[in-house]
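*Asks:* What follows is a predicted structure for the sequence shown.
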Amino acid sequence: MPERIDTATISSIDPDNLQSDDRYPNAYGFNVRLSHDAGPEWGSEFASVYDELNYPGKPPIDFRGDSLVVFFLPRYAREVSSFLRILDSVVQETNRAVEKRNSVLPNVEGEKETLRSALRQAIKEFGAK
């Protein structure tokens, strides 16, 4: 049975620890910390939503569990603020997609509790302990 996927939010952005990656020449990666590691399924959903985003010069992003590493070109530094607002909307859209998926999953704990209650009632009626 599929498991529920957690949602995540952006909790902080680290401007001090920029990183380089040979895959993205002339770009610097900065960490966007998430509220927690929502798991690889959330990361896949995020990638799907981000891939669909129509944004010229969209920077590459690596999902790394509890953070997103955004590789931004310094020449677009003036646009980083608007990009972060867009990134937040992508995270929110990812969460909506995850919650929609989660809403069709069976409520396993609820089903178990219903069965527990029925068993307790049956035990009382049956007279067993």
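*Replies:* Cool, the structure landed.

*Asks:* And whichever strand or helix holds Tyr50, what does it pack against?
*Replies:* Per DSSP states H and E, Tyr50 falls inside helix 40-52. Applying 3 or more Cβ pairs under 8 Å, 6 or more residues apart in numbering; DSSP states H and E, one finds that helix 40-52 contacts strand 61-63, helix 80-103. Using the backbone N, CA and C atoms, a C-beta is placed for each residue, glycine as well.

*Asks:* can you do 6 Å?
*Replies:* helix 80-103 (3 or more Cβ pairs under 6 Å, 6 or more residues apart in numbering; DSSP states H and E).

*Asks:* Check the gap between the most centrally placed residue in the chain and Lys58 for me.
*Replies:* In the chain, the C-alpha nearest the mean C-alpha coordinate belongs to Trp42, at 4.2 Å (Cα atoms, centre = their mean). Separation of Trp42 from Lys58 (Cβ to Cβ, to the nearest Å): 20 Å.

*Asks:* Report the buried residues of the helix holding Tyr50.
*Replies:* 42-43, 45-46, 49-50 (16 or more other Cβ atoms under 10 Å).

*Asks:* Looking at the residues you listed, spot the one nearest Val80.
*Replies:* Nearest to Val80 among the buried residues of helix 40-52 is Tyr50, at 16.3 Å by Cβ to Cβ.
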